[in-house]
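[1] this one's sequence-less:
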(Lines give C-alpha, C1' and ligand atoms only; values in the text may rest on other atoms or scores of the structure.)
Protein backbone atom coordinates (compact mmCIF):
# COMPACT_ATOMS: atom_id res chain seq x y z
CA UNK A 1 0.00 0.00 0.00
CA UNK A 2 1.34 3.40 -0.96
CA UNK A 3 0.50 5.69 1.95
CA UNK A 4 1.90 9.09 2.78
CA UNK A 5 4.37 8.94 5.69
CA UNK A 6 2.84 9.03 9.16
CA UNK A 7 3.97 12.49 10.19
CA UNK A 8 2.42 15.43 11.99
CA UNK A 9 3.40 18.88 13.24
CA UNK A 10 2.41 19.14 16.91
CA UNK A 11 2.20 22.31 19.00
CA UNK A 12 1.45 22.02 22.71
CA UNK A 13 0.14 25.20 24.30
CA UNK A 14 0.23 26.60 27.79
CA UNK A 15 -3.59 26.43 28.04
CA UNK A 16 -3.45 22.64 27.64
CA UNK A 17 -4.60 22.60 24.02
CA UNK A 18 -2.76 20.69 21.29
CA UNK A 19 -2.72 21.75 17.63
CA UNK A 20 -1.98 19.09 15.01
CA UNK A 21 -1.34 19.77 11.32
CA UNK A 22 -0.02 17.75 8.41
CA UNK A 23 3.48 18.68 7.23
CA UNK A 24 2.19 18.19 3.65
CA UNK A 25 0.84 21.38 2.05
CA UNK A 26 -2.53 20.96 0.36
CA UNK A 27 -1.97 20.76 -3.40
CA UNK A 28 -4.15 22.69 -5.89
CA UNK A 29 -7.57 21.22 -6.69
CA UNK A 30 -10.27 21.83 -9.34
CA UNK A 31 -12.95 24.49 -8.78
CA UNK A 32 -15.83 22.00 -9.01
CA UNK A 33 -16.74 18.33 -8.89
CA UNK A 34 -17.95 18.35 -12.49
CA UNK A 35 -14.58 19.69 -13.65
CA UNK A 36 -13.19 16.33 -12.55
CA UNK A 37 -15.97 14.53 -14.42
CA UNK A 38 -15.11 16.47 -17.58
CA UNK A 39 -11.46 15.50 -17.15
CA UNK A 40 -12.20 11.77 -16.95
CA UNK A 41 -14.68 12.01 -19.83
CA UNK A 42 -11.77 13.20 -21.94
CA UNK A 43 -9.12 10.84 -20.54
CA UNK A 44 -11.18 7.63 -20.34
CA UNK A 45 -14.57 8.19 -22.04
CA UNK A 46 -15.37 4.45 -22.41
CA UNK A 47 -14.51 3.46 -18.84
CA UNK A 48 -17.49 2.46 -16.69
CA UNK A 49 -18.24 5.08 -14.06
CA UNK A 50 -21.50 3.77 -12.53
CA UNK A 51 -23.32 0.45 -12.61
CA UNK A 52 -26.60 -0.75 -11.08
CA UNK A 53 -28.87 -3.76 -11.36
CA UNK A 54 -31.59 -3.52 -13.99
CA UNK A 55 -35.22 -3.84 -12.83
CA UNK A 56 -35.17 -7.56 -13.68
CA UNK A 57 -34.23 -8.23 -10.06
CA UNK A 58 -32.09 -6.93 -7.25
CA UNK A 59 -29.96 -10.05 -7.25
CA UNK A 60 -30.40 -11.47 -10.76
CA UNK A 61 -30.75 -8.56 -13.15
CA UNK A 62 -28.07 -7.49 -15.56
CA UNK A 63 -25.88 -4.50 -14.75
CA UNK A 64 -26.85 -1.21 -16.38
CA UNK A 65 -23.65 0.76 -16.89
CA UNK A 66 -22.81 4.37 -17.67
CA UNK A 67 -19.38 5.45 -18.89
CA UNK A 68 -17.58 8.66 -18.01
CA UNK A 69 -18.25 10.02 -21.49
CA UNK A 70 -21.97 9.24 -21.25
CA UNK A 71 -22.24 10.69 -17.75
CA UNK A 72 -20.65 14.00 -18.74
CA UNK A 73 -22.74 14.29 -21.91
CA UNK A 74 -25.98 13.46 -20.07
CA UNK A 75 -25.25 15.82 -17.19
CA UNK A 76 -24.88 18.72 -19.62
CA UNK A 77 -28.09 17.78 -21.44
CA UNK A 78 -30.05 17.59 -18.18
CA UNK A 79 -28.68 20.84 -16.78
CA UNK A 80 -30.69 22.95 -19.20
CA UNK A 81 -33.91 21.15 -18.25
CA UNK A 82 -33.34 21.90 -14.57
CA UNK A 83 -32.80 25.57 -15.33
CA UNK A 84 -35.99 25.58 -17.44
CA UNK A 85 -37.92 24.41 -14.35
CA UNK A 86 -36.84 27.58 -12.57
CA UNK A 87 -34.19 26.00 -10.38
CA UNK A 88 -31.13 28.04 -9.49
CA UNK A 89 -28.71 28.99 -6.70
CA UNK A 90 -31.56 29.86 -4.30
CA UNK A 91 -34.05 27.23 -5.51
CA UNK A 92 -32.51 23.80 -4.85
CA UNK A 93 -33.47 20.37 -6.11
CA UNK A 94 -34.72 18.02 -3.38
CA UNK A 95 -34.04 14.30 -3.91
CA UNK A 96 -36.28 11.81 -2.12
CA UNK A 97 -35.29 8.50 -3.72
CA UNK A 98 -32.25 6.38 -3.00
CA UNK A 99 -28.95 5.73 -4.74
CA UNK A 100 -29.25 5.17 -8.49
CA UNK A 101 -27.58 6.07 -11.74
CA UNK A 102 -30.38 8.52 -12.49
CA UNK A 103 -29.89 10.23 -9.13
CA UNK A 104 -26.17 10.54 -9.81
CA UNK A 105 -26.76 12.02 -13.27
CA UNK A 106 -29.34 14.56 -12.10
CA UNK A 107 -27.05 15.53 -9.21
CA UNK A 108 -24.11 16.12 -11.54
CA UNK A 109 -26.39 18.05 -13.90
CA UNK A 110 -27.50 20.33 -11.07
CA UNK A 111 -23.89 20.90 -9.99
CA UNK A 112 -22.98 21.80 -13.59
CA UNK A 113 -25.79 24.38 -13.61
CA UNK A 114 -24.94 25.83 -10.19
CA UNK A 115 -28.09 24.40 -8.59
CA UNK A 116 -27.76 23.03 -5.03
CA UNK A 117 -29.01 19.49 -4.56
CA UNK A 118 -30.44 18.19 -1.31
CA UNK A 119 -30.55 14.37 -1.11
CA UNK A 120 -32.92 13.53 1.74
CA UNK A 121 -32.87 10.20 3.52
CA UNK A 122 -35.43 7.93 1.79
CA UNK A 123 -36.37 6.63 5.23
CA UNK A 124 -38.16 9.91 5.94
CA UNK A 125 -40.44 9.13 3.01
CA UNK A 126 -40.67 5.34 3.05
CA UNK A 127 -40.39 4.34 6.72
CA UNK A 128 -41.94 7.33 8.44
CA UNK A 129 -45.58 7.29 9.42
CA UNK A 130 -46.15 10.98 10.08
CA UNK A 131 -43.62 12.55 7.64
CA UNK A 132 -42.85 15.14 10.31
CA UNK A 133 -39.11 15.25 9.60
CA UNK A 134 -39.68 15.39 5.85
CA UNK A 135 -42.11 18.29 6.19
CA UNK A 136 -39.67 20.18 8.41
CA UNK A 137 -36.81 19.60 5.96
CA UNK A 138 -38.85 20.71 2.94
CA UNK A 139 -39.97 23.84 4.79
CA UNK A 140 -36.39 24.78 5.62
CA UNK A 141 -35.09 23.90 2.18
CA UNK A 142 -37.80 25.63 0.08
CA UNK A 143 -36.88 23.62 -3.05
CA UNK A 144 -37.97 24.43 -6.57
CA UNK A 145 -38.61 20.79 -7.55
CA UNK A 146 -38.39 17.21 -6.31
CA UNK A 147 -36.67 14.20 -7.85
CA UNK A 148 -38.31 10.87 -6.98
CA UNK A 149 -37.78 7.87 -9.23
CA UNK A 150 -39.56 5.57 -9.35
CA UNK A 151 -42.37 7.84 -8.17
CA UNK A 152 -45.11 5.52 -6.81
CA UNK A 153 -43.42 4.60 -3.48
CA UNK A 154 -43.05 8.33 -2.70
CA UNK A 155 -46.58 9.50 -3.55
CA UNK A 156 -47.77 9.65 0.07
CA UNK A 157 -44.66 11.52 1.20
CA UNK A 158 -44.92 14.03 -1.66
CA UNK A 159 -48.60 14.62 -0.91
CA UNK A 160 -47.80 15.20 2.77
CA UNK A 161 -44.73 17.41 2.40
CA UNK A 162 -44.69 19.07 -1.03
CA UNK A 163 -47.97 18.60 -2.95
CA UNK A 164 -47.53 21.67 -5.15
CA UNK A 165 -43.94 21.17 -6.29
CA UNK A 166 -43.05 19.78 -9.73
CA UNK A 167 -41.80 16.21 -9.53
CA UNK A 168 -39.10 14.77 -11.78
CA UNK A 169 -39.53 11.01 -12.09
CA UNK A 170 -37.69 10.28 -15.32
CA UNK A 171 -34.66 11.81 -17.01
CA UNK A 172 -35.71 11.85 -20.69
CA UNK A 173 -38.30 14.53 -19.92
CA UNK A 174 -35.50 16.77 -18.58
CA UNK A 175 -33.16 16.57 -21.56
CA UNK A 176 -32.64 20.02 -23.01
CA UNK A 177 -30.19 21.01 -25.68
CA UNK A 178 -29.74 24.56 -24.42
CA UNK A 179 -26.36 25.70 -23.20
CA UNK A 180 -26.13 26.45 -19.51
CA UNK A 181 -23.81 29.34 -18.75
CA UNK A 182 -23.80 29.25 -14.96
CA UNK A 183 -20.51 30.23 -13.40
CA UNK A 184 -19.66 27.48 -10.96
CA UNK A 185 -16.70 28.07 -8.69
CA UNK A 186 -15.30 27.06 -5.32
CA UNK A 187 -17.87 29.07 -3.34
CA UNK A 188 -20.88 27.74 -5.27
CA UNK A 189 -23.23 25.70 -3.09
CA UNK A 190 -23.06 22.12 -4.37
CA UNK A 191 -25.20 20.31 -1.82
CA UNK A 192 -27.34 20.81 1.22
CA UNK A 193 -26.97 17.73 3.41
CA UNK A 194 -29.29 17.28 6.34
CA UNK A 195 -27.67 15.84 9.41
CA UNK A 196 -29.03 12.54 10.62
CA UNK A 197 -30.37 13.99 13.83
CA UNK A 198 -28.19 11.68 15.92
CA UNK A 199 -27.38 14.68 18.13
CA UNK A 200 -30.55 16.75 17.60
CA UNK A 201 -33.00 17.83 14.89
CA UNK A 202 -31.75 17.58 11.28
CA UNK A 203 -30.14 20.76 9.97
CA UNK A 204 -29.28 21.63 6.39
CA UNK A 205 -25.50 21.86 6.16
CA UNK A 206 -24.19 23.81 3.17
CA UNK A 207 -21.53 21.95 1.15
CA UNK A 208 -19.64 24.18 -1.27
CA UNK A 209 -17.69 22.98 -4.28
CA UNK A 210 -14.48 23.94 -2.45
CA UNK A 211 -15.37 21.69 0.47
CA UNK A 212 -15.90 18.68 -1.78
CA UNK A 213 -12.92 19.12 -4.08
CA UNK A 214 -10.43 20.08 -1.38
CA UNK A 215 -11.48 17.04 0.63
CA UNK A 216 -10.79 14.67 -2.23
CA UNK A 217 -7.41 16.27 -2.80
CA UNK A 218 -6.62 15.66 0.87
CA UNK A 219 -7.53 11.99 0.54
CA UNK A 220 -5.47 11.59 -2.64
CA UNK A 221 -2.34 13.00 -1.00
CA UNK A 222 -2.54 10.52 1.90
CA UNK A 223 -3.84 7.42 0.08
CA UNK A 224 -1.39 7.50 -2.80
CA UNK A 225 -2.26 3.95 -3.86
CA UNK A 226 -5.47 5.34 -5.41
CA UNK A 227 -3.31 6.64 -8.25
CA UNK A 228 -1.97 3.16 -9.06
CA UNK A 229 -5.18 1.79 -10.56
CA UNK A 230 -8.77 3.06 -10.87
CA UNK A 231 -10.62 2.01 -7.70
CA UNK A 232 -13.63 -0.32 -7.88
CA UNK A 233 -16.22 -0.57 -5.13
CA UNK A 234 -19.61 -2.12 -4.38
CA UNK A 235 -21.35 0.35 -2.11
CA UNK A 236 -24.76 0.66 -0.44
CA UNK A 237 -24.05 3.66 1.80
CA UNK A 238 -26.75 6.30 1.19
CA UNK A 239 -25.88 9.44 -0.75
CA UNK A 240 -28.12 11.42 1.58
CA UNK A 241 -25.25 11.17 4.08
CA UNK A 242 -21.76 12.55 3.73
CA UNK A 243 -20.04 9.16 4.09
CA UNK A 244 -21.62 7.60 1.00
CA UNK A 245 -22.43 10.74 -0.98
CA UNK A 246 -19.26 12.79 -0.50
CA UNK A 247 -16.48 10.50 0.70
CA UNK A 248 -17.22 7.40 -1.36
CA UNK A 249 -18.95 8.67 -4.50
CA UNK A 250 -16.55 11.57 -4.98
CA UNK A 251 -13.51 9.38 -4.31
CA UNK A 252 -14.47 7.04 -7.13
CA UNK A 253 -15.13 9.97 -9.48
CA UNK A 254 -11.92 11.74 -8.47
CA UNK A 255 -9.78 8.77 -9.44
CA UNK A 256 -11.71 7.64 -12.51
CA UNK A 257 -12.96 4.47 -10.84
CA UNK A 258 -16.12 2.39 -11.03
CA UNK A 259 -18.92 2.37 -8.47
CA UNK A 260 -21.30 -0.59 -8.46
CA UNK A 261 -24.42 0.67 -6.69
CA UNK A 262 -25.44 -1.94 -4.13
CA UNK A 263 -29.19 -2.17 -3.60
CA UNK A 264 -28.65 -4.12 -0.40
CA UNK A 265 -28.36 -2.98 3.20
CA UNK A 266 -26.97 -4.42 6.44
CA UNK A 267 -30.33 -5.86 7.48
CA UNK A 268 -31.56 -9.47 7.60
CA UNK A 269 -33.50 -8.87 4.37
CA UNK A 270 -30.99 -6.64 2.57
CA UNK A 271 -27.73 -8.50 3.16
CA UNK A 272 -28.61 -11.16 0.57
CA UNK A 273 -28.54 -8.52 -2.17
CA UNK A 274 -25.12 -7.30 -1.05
CA UNK A 275 -23.77 -10.84 -1.01
CA UNK A 276 -25.14 -11.52 -4.50
CA UNK A 277 -23.42 -8.40 -5.83
CA UNK A 278 -20.12 -9.30 -4.19
CA UNK A 279 -20.25 -12.72 -5.85
CA UNK A 280 -19.97 -10.93 -9.19
CA UNK A 281 -17.73 -7.94 -8.47
CA UNK A 282 -14.36 -7.96 -6.70
CA UNK A 283 -13.85 -4.53 -5.13
CA UNK A 284 -10.43 -2.93 -4.76
CA UNK A 285 -11.71 -0.85 -1.84
CA UNK A 286 -14.69 -1.63 0.37
CA UNK A 287 -16.58 0.79 2.61
CA UNK A 288 -19.02 -0.07 5.38
CA UNK A 289 -20.21 0.67 8.88
CA UNK A 290 -19.50 -1.85 11.66
CA UNK A 291 -23.05 -3.21 11.48
CA UNK A 292 -22.51 -3.92 7.78
CA UNK A 293 -19.37 -5.93 8.43
CA UNK A 294 -21.15 -7.79 11.22
CA UNK A 295 -23.89 -8.84 8.78
CA UNK A 296 -21.48 -9.77 5.97
CA UNK A 297 -18.91 -11.65 8.04
CA UNK A 298 -20.81 -14.95 8.61
CA UNK A 299 -21.22 -15.38 4.84
CA UNK A 300 -17.51 -14.72 4.27
CA UNK A 301 -16.59 -17.25 6.97
CA UNK A 302 -18.69 -20.10 5.59
CA UNK A 303 -18.57 -19.51 1.81
CA UNK A 304 -15.15 -20.09 0.24
CA UNK A 305 -16.22 -18.92 -3.21
CA UNK A 306 -17.60 -15.63 -1.89
CA UNK A 307 -14.53 -15.16 0.29
CA UNK A 308 -12.17 -15.66 -2.62
CA UNK A 309 -14.10 -13.24 -4.82
CA UNK A 310 -14.35 -10.56 -2.12
CA UNK A 311 -10.64 -10.53 -1.29
CA UNK A 312 -9.27 -11.20 -4.80
CA UNK A 313 -8.49 -7.55 -5.66
CA UNK A 314 -9.01 -5.86 -2.31
CA UNK A 315 -6.46 -3.20 -1.34
CA UNK A 316 -8.24 -1.75 1.65
CA UNK A 317 -11.22 -2.11 3.99
CA UNK A 318 -12.59 1.15 5.36
CA UNK A 319 -15.01 1.52 8.27
CA UNK A 320 -16.56 4.67 9.72
CA UNK A 321 -19.64 6.06 11.54
CA UNK A 322 -18.74 4.03 14.66
CA UNK A 323 -15.79 2.15 16.10
CA UNK A 324 -15.21 -1.37 14.84
CA UNK A 325 -15.44 -3.75 17.82
CA UNK A 326 -12.17 -5.58 18.39
CA UNK A 327 -13.77 -9.03 18.19
CA UNK A 328 -15.23 -8.18 14.79
CA UNK A 329 -11.90 -6.76 13.63
CA UNK A 330 -10.09 -9.99 14.55
CA UNK A 331 -12.64 -12.16 12.76
CA UNK A 332 -12.32 -10.03 9.61
CA UNK A 333 -8.54 -10.28 9.76
CA UNK A 334 -8.76 -14.04 10.19
CA UNK A 335 -11.05 -14.50 7.20
CA UNK A 336 -8.84 -12.29 5.02
CA UNK A 337 -5.78 -14.29 6.09
CA UNK A 338 -7.60 -17.50 5.21
CA UNK A 339 -8.60 -16.15 1.78
CA UNK A 340 -5.34 -14.59 0.63
CA UNK A 341 -2.56 -15.66 2.97
CA UNK A 342 -2.16 -12.17 4.43
CA UNK A 343 -4.26 -9.72 6.39
CA UNK A 344 -6.02 -6.98 4.48
CA UNK A 345 -5.49 -3.40 5.72
CA UNK A 346 -8.28 -1.99 7.90
CA UNK A 347 -8.44 1.80 8.22
CA UNK A 348 -10.78 4.54 9.28
CA UNK A 349 -11.13 8.31 9.32
CA UNK A 350 -13.02 10.98 11.20
CA UNK A 351 -15.14 13.95 10.24
CA UNK A 352 -18.75 15.05 9.88
CA UNK A 353 -21.37 16.47 7.56
CA UNK A 354 -19.94 19.91 8.35
CA UNK A 355 -16.49 18.92 7.07
CA UNK A 356 -17.50 17.17 3.81
CA UNK A 357 -16.57 14.79 5.57
CA UNK A 358 -12.94 13.94 6.26
CA UNK A 359 -10.68 15.76 8.74
CA UNK A 360 -8.36 12.97 9.85
CA UNK A 361 -7.39 9.80 8.04
CA UNK A 362 -5.56 6.60 8.89
CA UNK A 363 -2.68 6.20 6.42
CA UNK A 364 -0.38 3.97 8.43
CA UNK A 365 -0.49 0.52 10.07
CA UNK A 366 -2.43 0.39 13.33
CA UNK A 367 -1.52 -2.12 16.03
CA UNK A 368 -3.07 -3.42 19.23
CA UNK A 369 -0.99 -1.43 21.70
CA UNK A 370 -3.47 1.41 22.10
CA UNK A 371 -6.88 0.12 21.04
CA UNK A 372 -6.64 0.17 17.28
CA UNK A 373 -10.42 0.29 16.65
CA UNK A 374 -10.55 3.82 18.06
CA UNK A 375 -7.68 5.28 16.02
CA UNK A 376 -8.96 7.94 13.61
CA UNK A 377 -5.62 8.87 12.03
CA UNK A 378 -3.83 12.18 11.55
CA UNK A 379 -5.00 15.53 10.15
CA UNK A 380 -5.27 15.68 6.37
CA UNK A 381 -3.25 18.30 4.43
CA UNK A 382 -4.86 21.71 4.81
CA UNK A 383 -6.68 20.79 8.04
CA UNK A 384 -5.77 22.26 11.41
CA UNK A 385 -6.98 20.07 14.28
CA UNK A 386 -7.12 21.49 17.77
CA UNK A 387 -7.60 19.34 20.87
CA UNK A 388 -9.13 21.86 23.26
CA UNK A 389 -9.47 21.11 27.00
CA UNK A 390 -13.11 20.63 28.05
CA UNK A 391 -13.44 19.31 31.57
CA UNK A 392 -11.23 16.25 31.92
CA UNK A 393 -11.02 15.60 28.16
CA UNK A 394 -10.12 17.34 24.90
CA UNK A 395 -12.70 18.40 22.32
CA UNK A 396 -11.78 18.04 18.65
CA UNK A 397 -12.04 21.35 16.77
CA UNK A 398 -11.37 21.89 13.07
CA UNK A 399 -10.31 24.64 10.68
CA UNK A 400 -9.75 24.21 6.92
CA UNK A 401 -11.16 24.59 3.39
CA UNK A 402 -13.38 21.53 3.93
CA UNK A 403 -15.39 23.21 6.74
CA UNK A 404 -18.91 24.45 5.94
CA UNK A 405 -19.74 28.17 5.92
CA UNK A 406 -22.99 27.35 7.75
CA UNK A 407 -26.54 26.05 7.45
CA UNK A 408 -29.13 26.71 4.76
CA UNK A 409 -32.19 28.90 5.20
CA UNK A 410 -35.00 29.43 2.65
CA UNK A 411 -33.87 31.73 -0.13
CA UNK A 412 -30.27 30.64 0.11
CA UNK A 413 -29.37 32.54 3.26
CA UNK A 414 -26.49 30.82 5.05
CA UNK A 415 -26.54 30.87 8.85
CA UNK A 416 -22.93 30.75 10.11
CA UNK A 417 -22.01 28.14 12.69
CA UNK A 418 -20.56 29.12 16.04
CA UNK A 419 -16.74 29.03 15.94
CA UNK A 420 -14.30 29.45 18.79
CA UNK A 421 -12.17 32.57 19.17
CA UNK A 422 -9.55 31.18 16.76
CA UNK A 423 -12.02 30.26 14.03
CA UNK A 424 -12.14 26.54 14.78
CA UNK A 425 -15.41 24.62 14.50
CA UNK A 426 -16.13 22.72 17.75
CA UNK A 427 -17.19 19.21 16.73
CA UNK A 428 -18.60 17.88 20.00
CA UNK A 429 -16.32 14.83 19.78
CA UNK A 430 -13.48 14.13 22.19
CA UNK A 431 -10.06 12.88 21.17
CA UNK A 432 -6.63 12.17 22.58
CA UNK A 433 -3.20 11.26 21.31
CA UNK A 434 -2.66 7.52 20.98
CA UNK A 435 0.86 8.06 22.30
CA UNK A 436 1.60 11.33 24.09
CA UNK A 437 5.32 10.88 23.38
CA UNK A 438 4.81 10.19 19.66
CA UNK A 439 1.94 12.18 18.06
CA UNK A 440 2.59 10.51 14.69
CA UNK A 441 0.86 7.38 16.00
CA UNK A 442 -2.43 9.21 15.54
CA UNK A 443 -5.47 10.46 17.39
CA UNK A 444 -7.89 8.18 19.24
CA UNK A 445 -11.62 8.93 19.28
CA UNK A 446 -12.73 9.44 22.88
CA UNK A 447 -16.51 9.59 22.56
CA UNK A 448 -19.06 12.38 22.32
CA UNK A 449 -18.62 15.17 24.84
CA UNK A 450 -22.38 15.39 25.41
CA UNK A 451 -22.97 11.62 25.74
CA UNK A 452 -20.83 11.12 28.82
CA UNK A 453 -22.37 11.44 32.26
CA UNK A 454 -21.60 11.09 35.95
CA UNK A 455 -22.80 8.40 38.30
CA UNK A 456 -24.22 9.49 41.66
CA UNK A 457 -20.74 8.89 43.08
CA UNK A 458 -19.40 11.69 40.86
CA UNK A 459 -17.52 9.23 38.64
CA UNK A 460 -17.53 10.03 34.92
CA UNK A 461 -18.69 7.32 32.51
CA UNK A 462 -17.07 7.28 29.04
CA UNK A 463 -20.11 6.11 27.10
CA UNK A 464 -18.50 5.52 23.70
CA UNK A 465 -15.74 3.20 24.88
CA UNK A 466 -18.06 1.40 27.30
CA UNK A 467 -20.66 0.73 24.59
CA UNK A 468 -18.10 -0.67 22.13
CA UNK A 469 -16.53 -2.85 24.84
CA UNK A 470 -19.87 -4.33 25.90
CA UNK A 471 -20.94 -5.10 22.32
CA UNK A 472 -17.59 -6.79 21.68
CA UNK A 473 -17.85 -8.82 24.88
CA UNK A 474 -21.31 -10.07 23.91
CA UNK A 475 -20.54 -10.78 20.25
CA UNK A 476 -22.54 -12.04 18.34
CA UNK A 477 -25.65 -11.86 20.55
CA UNK A 478 -25.83 -8.06 20.89
CA UNK A 479 -26.03 -5.85 17.80
CA UNK A 480 -26.07 -2.55 19.73
CA UNK A 481 -26.59 -1.10 23.18
CA UNK A 482 -27.46 2.14 24.95
CA UNK A 483 -25.84 3.09 28.25
CA UNK A 484 -27.93 4.35 31.17
CA UNK A 485 -26.83 5.58 34.59
CA UNK A 486 -26.90 9.39 34.71
CA UNK A 487 -27.03 10.34 38.42
CA UNK A 488 -27.63 6.69 39.30
CA UNK A 489 -25.55 4.42 41.53
CA UNK A 490 -24.45 2.08 38.71
CA UNK A 491 -24.45 1.52 34.95
CA UNK A 492 -27.17 -0.42 33.13
CA UNK A 493 -27.74 -1.24 29.47
CA UNK A 494 -30.65 -1.28 27.05
CA UNK A 495 -29.66 -4.05 24.65
CA UNK A 496 -30.74 -4.40 21.02
CA UNK A 497 -30.37 -7.86 19.53
CA UNK A 498 -32.29 -7.65 16.26
CA UNK A 499 -34.09 -10.88 17.16
CA UNK A 500 -35.84 -12.56 20.08
CA UNK A 501 -33.50 -13.86 22.78
CA UNK A 502 -34.38 -16.90 24.84
CA UNK A 503 -33.33 -17.45 28.45
CA UNK A 504 -30.13 -19.22 27.41
CA UNK A 505 -29.03 -16.30 25.23
CA UNK A 506 -29.72 -13.80 28.02
CA UNK A 507 -27.69 -15.96 30.38
CA UNK A 508 -24.78 -15.92 27.94
CA UNK A 509 -24.94 -12.12 27.73
CA UNK A 510 -25.02 -11.94 31.51
CA UNK A 511 -21.95 -14.19 31.75
CA UNK A 512 -20.07 -12.18 29.12
CA UNK A 513 -20.73 -8.89 30.90
CA UNK A 514 -19.81 -10.42 34.27
CA UNK A 515 -16.50 -11.57 32.81
CA UNK A 516 -15.89 -8.09 31.42
CA UNK A 517 -16.69 -6.51 34.79
CA UNK A 518 -13.83 -8.38 36.45
CA UNK A 519 -11.26 -6.21 34.66
CA UNK A 520 -13.26 -2.96 34.61
CA UNK A 521 -13.18 -0.04 37.00
CA UNK A 522 -16.26 1.34 38.72
CA UNK A 523 -16.91 3.70 35.82
CA UNK A 524 -17.19 0.80 33.37
CA UNK A 525 -18.95 -2.00 35.26
CA UNK A 526 -22.44 -2.93 34.07
CA UNK A 527 -24.80 -4.13 36.79
CA UNK A 528 -28.04 -4.74 34.87
CA UNK A 529 -29.42 -4.99 31.37
CA UNK A 530 -32.75 -5.34 29.62
CA UNK A 531 -33.42 -6.45 26.06
CA UNK A 532 -35.51 -3.90 24.15
CA UNK A 533 -38.64 -5.43 22.65
CA UNK A 534 -39.14 -2.55 20.20
CA UNK A 535 -36.58 -1.72 17.50
CA UNK A 536 -35.20 1.82 17.35
CA UNK A 537 -37.62 4.29 15.74
CA UNK A 538 -36.49 6.53 12.89
CA UNK A 539 -39.51 8.83 13.38
CA UNK A 540 -38.49 9.40 16.99
CA UNK A 541 -34.89 10.10 16.00
CA UNK A 542 -33.62 6.98 17.76
CA UNK A 543 -31.68 5.69 14.75
CA UNK A 544 -30.33 6.90 11.42
CA UNK A 545 -30.54 4.92 8.18
CA UNK A 546 -26.84 4.11 8.60
CA UNK A 547 -27.75 2.30 11.81
CA UNK A 548 -26.27 4.82 14.28
CA UNK A 549 -28.18 4.94 17.57
CA UNK A 550 -29.01 8.26 19.22
CA UNK A 551 -28.09 7.56 22.85
CA UNK A 552 -29.88 10.58 24.29
CA UNK A 553 -33.09 10.13 22.27
CA UNK A 554 -33.44 6.48 23.27
CA UNK A 555 -32.87 7.13 26.97
CA UNK A 556 -35.38 10.00 26.95
CA UNK A 557 -38.06 8.28 24.87
CA UNK A 558 -37.78 5.03 26.81
CA UNK A 559 -37.68 6.62 30.25
CA UNK A 560 -40.12 4.00 31.57
CA UNK A 561 -37.76 1.23 30.48
CA UNK A 562 -34.86 3.00 32.19
CA UNK A 563 -36.93 3.18 35.39
CA UNK A 564 -37.51 -0.59 35.15
CA UNK A 565 -33.73 -1.09 34.95
CA UNK A 566 -33.33 0.58 38.34
CA UNK A 567 -36.52 -0.68 40.04
CA UNK A 568 -36.28 -2.58 43.35
CA UNK A 569 -36.87 -5.41 43.31
CA UNK A 570 -35.87 -5.80 39.66
CA UNK A 571 -38.70 -6.87 37.30
CA UNK A 572 -38.50 -10.29 35.65
CA UNK A 573 -37.25 -8.91 32.31
CA UNK A 574 -34.29 -7.11 33.91
CA UNK A 575 -31.17 -9.25 34.15
CA UNK A 576 -28.95 -8.58 37.19
CA UNK A 577 -25.20 -9.11 36.89
CA UNK A 578 -23.33 -10.08 40.03
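    That came through fine. All of these numbers come straight from a predicted model, not from anything done at the bench. Numbering: from 1, shown residues only.

[2] and residue 333, how far from residue 295?
    18 Å (C-beta to C-beta, to the nearest Å). Backbone N, C-alpha and C define where each C-beta goes, glycine included.

[3] cool, and residue 47?
    For residue 47, the distance to residue 295 equals 31 Å [C-beta to C-beta].

[4] ok, back up a step: ok, residue 333 and residue 295, which is more surrounded?
    Neighbours per residue, other C-beta atoms under 10 Å: of residue 333 and residue 295, the larger number sits with residue 295, 23 against 16.

[5] so the more buried one lies in a helix, does it not?
    Yes: assessed by DSSP: H, G, I helix; E, B strand; the rest coil, residue 295 belongs to a helix.

[6] show me what contacts it?
    266-268, 271, 274 (C-beta atoms under 8 Å, 6 or more residues apart in numbering).

[7] list the neighbouring strands of the biggest strand by length in the chain plus their orientation.
    In the chain, with assignment by DSSP state E, the single longest strand is strand 425-433. Sheet pairing here is set by DSSP bridges, and for strand 425-433 it gives strand 393-399 (antiparallel), strand 443-448 (antiparallel).

[8] what helix or strand does residue 494 sit in?
    Secondary structure from DSSP states H and E places residue 494 in strand 491-496.

[9] ok, and what's touching that strand?
    455, 461, 466, 470, 474, 478-485, 509, 513, 523-532, 535-536, 549, 554-555, 558, 561-562, 565-566.

[10] now, those that are in helices?
    Under the assignment DSSP state H, those contribute 466, 470, 509, 513, 554-555, 561-562, 565 to helices.

[11] pLDDT below threshold where in the stretch 151-300 of the chain?
    177, 179, 181, 196-201 (pLDDT under 70).

[12] show me where it has strands.
    Applying DSSP state E, counting those that start in this stretch to the stretch 151-300 of the chain gives strands spanning 167-168, 189-194, 204-208, 232-235, 258-261, 285-288.

[13] which strands or helices does the third one pack on?
    Which is strand 204-208. helix 132-141, strand 189-194, strand 407-409 (3 or more C-beta pairs under 8 Å, 6 or more residues apart in numbering; DSSP states H and E).

[14] and the angle for the longest one with strand 204-208?
    The one in question is helix 132-141. Interaxial angle of helix 132-141 relative to strand 204-208 (axes from the mean of the first three to the mean of the last three C-alpha atoms, to 10 degrees): 50 degrees.

[15] so what does helix 132-141 touch, helix or strand wise?
    helix 123-126, helix 155-161, strand 204-208, strand 407-409.

[16] for these, which one sits closest to residue 421?
    Evaluated with C-beta to C-beta, those place strand 407-409 nearest to residue 421, the distance being 20.9 Å.

[17] summarise which helices and strands the closest one is packed against.
    Judged by 3+ C-beta pairs under 8 Å, 6+ apart, strand 407-409 is in contact with helix 132-141, strand 204-208, strand 413-415.

[18] tell me the buried residues within the contacts of residue 295.
    Buried subset of the contacts of residue 295 (neighbour count, 16 or more other C-beta atoms under 10 Å): 266, 271, 274.

[19] who's in contact with the residue nearest to the last one when sequence neighbours are not counted?
    Okay, so that is residue 274. Nearest residue to residue 274, sequence neighbours excluded (C-beta to C-beta, 6 or more residues apart in numbering): residue 264, at 3.3 Å. Residues near residue 264 by C-beta under 8 Å, 6+ apart: 58, 236, 270-277.

[20] just the helices in the stretch 151-300 of the chain please.
    155-161, 209-222, 242, 249-254, 271-280, 290-302 (DSSP state H, counting those that start in this stretch).

[21] deepest in the core, which of those is it.
    helix 242 (a mean of 29; mean count of other C-beta atoms under 10 Å).

[22] what's in contact with that one?
    Counting by C-beta under 8 Å, 6+ apart, 193, 207, 351-353, 356-357 sit against helix 242.

[23] which of these has the most neighbours?
    That'd be residue 356 among these, by other C-beta under 10 Å, with 33 neighbours.

[24] report the central residue of the protein.
    Nearest to the mean C-alpha position of the chain, by C-alpha atoms, centre = their mean, lies residue 243 at 3.7 Å.

[25] ok, it to residue 502 distance?
    36 Å.

[26] can you check residue 69 too?
    For residue 69, the distance to residue 502 equals 57 Å [C-beta to C-beta].

[27] next, count neighbours for residue 151.
    16.

[28] ignore the last one, residue 488
    Residue 488, neighbours per other C-beta under 10 Å, totals 18.

[29] does it belong to a helix, a strand or coil?
    coil.

[30] that one contacts residue 567, correct?
    No: contact criterion C-beta atoms under 8 Å: residue 488 and residue 567 do not qualify, at 11.8 Å.

[31] who does the closest residue to residue 392 other than its chain neighbours bridge with?
    Nearest residue to residue 392 in three dimensions, chain neighbours excluded: residue 460, at 6.6 Å (C-beta to C-beta, 6+ apart). When assigned by DSSP bridges, residue 460 has beta-bridge partners residue 454.
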